[in-house]
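Trainee: let me see the structure of the following:
(2 chains)
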Number of protein chains: 2
Amino acid sequence: MEEANPALGLRAVRFCLENKDIFITQIKAILRAAAFGNIKLLIPMISCMEELIQVKAIVRQAVMELERDEKVFNKDVPLGIMIEVPSAVLMADELAKEVAFFSIGTNDLTQYSMAIDRRNRRVAHLYQGLNPAVLKMIKMTLTAARNNNIEVIMCGEMAGDPINIPVLLGFGIRNLSMNAASIPVIKKMVREIDMENARKLSDALFQFITVEEITRFVQDAFNDVIPYREVEA
Amino acid sequence: MEEANPALGLRAVRFCLENKDIFITQIKAILRAAAFGNIKLLIPMISCMEELIQVKAIVRQAVMELERDEKVFNKDVPLGIMIEVPSAVLMADELAKEVAFFSIGTNDLTQYSMAIDRRNRRVAHLYQGLNPAVLKMIKMTLTAARNNNIEVIMCGEMAGDPINIPVLLGFGIRNLSMNAASIPVIKKMVREIDMENARKLSDALFQFITVEEITRFVQDAFNDVIPYREVEA
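Mentor: Sure thing, here's the model as predicted:
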């Protein structure tokens, strides 16, 4: 069936929960593979507690069936969720009590929070780094994770852009994912940044209300460690 | 140009800001009409401060041109914005300082917050009233409005469903919009509800984390004033 807005459609965990036979087969395969290596389960597009409850029931069922069939598997695979739908940010404290880790998906989180399809060139100008609303959501997610002692990973393109690094470190993020080409630059920055300064910056930046202001503020504060980039006028 | 996800595309204020000649003509027409009646300006789909800054500049330009052309008009038309994009909720405190009122658009706010197209039958089951994430966003918006002394109107279908009324009144909402058929039922409820009880309910409901639990809680607490409805199992 063609969907009018596929980005708001039957994707990811929604597809899995509509196709439980496929989903449980995948879960079982992952639990079996986990007997032989370090594996985590990460569920994308969680938007509410109801979905997580269903996912956990299916994982339990997979474990029961593997036990019944006397398969070699690991039932202690950490279960995490993507935080990429705005409603999940609002429910982060409740969700954090039920999972082992969060992975913040900055691309989709920005798209849904701003209601923009960034692959649509007519609105892509609204998709920008250091968006204050998205930064607030990242901060809320991190607070919820910290209050519940769970780990947070950050994926999406945000962690690969140098300008974001002082802010993310200041917020307390310690796990960044990025494409391989970005690693040397970001690694060098992480080593050079004074964490106390980063923390102060992350507290102070919400006095600014536009992407341009925030970008200038970060650029000025960490001019010595951020590789040269032109700030748009 | 066809858009892959029109709900995340060039809509509403985005279209206006890309087509400023059309937009300023509309603004001028509204300001001129406002010389003859009670009119407010309400801008849809605001997602960031940058858009509001541009809108206000165009309104100022419209005023200047009308003055220059010696037209009869009203330059004191209250300017409000729709709160229907999640990022606007996160920026509500900052936005409230720049406008005369908010109108919370519950339909779109729920859609974007949950990343679901409710006209898509495959995911419409995720679109439900009394969604805790959406309720938190409504509460955040109301807090920001109250802190900045601006008015809040609620539109969308939420205000027309009796089960939501004790919660919305408890949050402090006093302006509800709905279709005409709902008015008698809702009006009767509003008259019957004890506001102090509603306030207590709205404080207590976030102990629950699913739509079903919250719905039962509200139903049980206001059983005497909510018209009969079946609570889904």
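Trainee: for chain B, see how far away A:Pro78 is.
Mentor: Separation of A:Pro78 from chain B (Cβ to the nearest Cβ, to the nearest Å): 21 Å. Placement of C-beta: from N, CA and C, glycine included.
Trainee: in space, what's closest to that residue - neighbours in sequence excluded?
Mentor: Nearest residue to A:Pro78, sequence neighbours excluded (Cβ to Cβ, 6 or more residues apart in numbering or on different chains): A:Ala100, at 3.8 Å.
Trainee: now A:Val77
Mentor: Closest to A:Val77 by Cβ to Cβ, 6+ apart is A:Ala34, at 4.7 Å.
Trainee: and the residue positioned nearest the centre of chain A, which helix or strand is it part of?
Mentor: In chain A, the centroid-proximal residue (Cα atoms, centre = their mean) is A:Ile104; its distance is 1.1 Å. Taking DSSP states H and E as the criterion, the element that holds A:Ile104 is strand A:101-105.
Trainee: parallel or antiparallel, list what pairs with that strand.
Mentor: Strands that pair with strand A:101-105, judged by DSSP bridges, come out as strand A:79-83 (parallel), strand A:151-155 (parallel).
Trainee: can you map out the helices along chain A?
Mentor: A:12-18, A:20-33, A:49-68, A:86-90, A:92-96, A:106-114, A:132-147, A:165-171, A:183-192, A:195-204, A:211-221 (DSSP state H).
Trainee: quickly compare the ones you listed and say which is most buried.
Mentor: Neighbour counts (mean count of other Cβ atoms under 10 Å in any protein chain shown) averaged over each of the helices of chain A peak at helix A:86-90, with a mean of 29.
Trainee: tell me how far that helix lies from the chain's centre.
Mentor: How far helix A:86-90 lies from its chain's middle: 12 Å, per Cα atoms, centre = their mean, to the nearest Å.
Trainee: what's stretch A:186-195 in contact with?
Mentor: A:159-160, A:162, A:165-166, A:169-170, A:176, A:178, A:222, A:224-227 (Cβ atoms under 8 Å, 6 or more residues apart in numbering or on different chains).
Trainee: tell me the contacts of A:Met137?
Mentor: Contacts of A:Met137 by Cβ under 8 Å, 6+ apart are A:Pro86, A:Val89, A:Leu109, A:Ser113, B:Leu90.
Trainee: and what of A:Gly9?
Mentor: By Cβ under 8 Å, 6+ apart, the neighbours of A:Gly9 are A:Glu3, B:Ile116, B:Asp117, B:Asn120, B:Arg122, B:Val123.
Trainee: now it: closest residue in space that isn't a chain neighbour?
Mentor: A:Glu3 (3.9 Å).
Trainee: OK, contacts around the one you found?
Mentor: By Cβ under 8 Å, 6+ apart, the contact set of A:Glu3 is A:Gly9, A:Leu10, B:Asp117, B:Asn120, B:Arg122.
Trainee: swap in A:Ile214?
Mentor: A:Leu130, A:Pro132, A:Leu135, A:Leu205, A:Phe208.
Trainee: where in chain A is pLDDT low?
Mentor: Residue ranges of chain A with pLDDT under 70: A:1, A:229-233.
Trainee: repeat the analysis, applying 90 as the threshold.
Mentor: Counting by pLDDT under 90, chain A shows low-confidence ranges at A:1-3, A:10-11, A:118-119, A:121-129, A:155-158, A:227-233.
Trainee: ok, back up a step: okay, the contacts of A:Glu3 in a markdown table with distance to B:Gln54 next?
Mentor: A markdown table is the format used below for the contacts of A:Glu3 (distance: Cβ to Cβ, whole Å):
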| residue | distance to B:Gln54 |
| --- | --- |
| A:Gly9 | 31 |
| A:Leu10 | 36 |
| B:Asp117 | 28 |
| B:Asn120 | 32 |
| B:Arg122 | 37 |
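Trainee: one step back: how about residues contacting the strand holding A:Ile104?
Mentor: A:40, A:42, A:44, A:78, A:80-84, A:92, A:95-96, A:138, A:141, A:145, A:150-156.
Trainee: buried subset of those?
Mentor: A:42, A:44, A:80-84, A:92, A:95-96, A:138, A:141, A:145, A:150, A:152-156 (16 or more other Cβ atoms under 10 Å in any protein chain shown).
Trainee: related to what we said a few turns ago, can you give me phi and psi for the residue nearest to A:Gly9?
Mentor: phi -110, psi 140 (degrees, to the nearest 10).
Trainee: okay, it and B:Ala7: tell me how far apart.
Mentor: 11 Å (Cβ to Cβ, to the nearest Å).
Trainee: common neighbours of these two, please.
Mentor: When contacts are counted by Cβ under 8 Å, 6+ apart, A:Glu3 and B:Ala7 are jointly contacted by B:Asp117.
Trainee: wait, doesn't A:Ile58 sit right on A:Gln26?
Mentor: No. At 9.8 Å, A:Ile58 does not count as touching A:Gln26 under the criterion of Cβ atoms under 8 Å.
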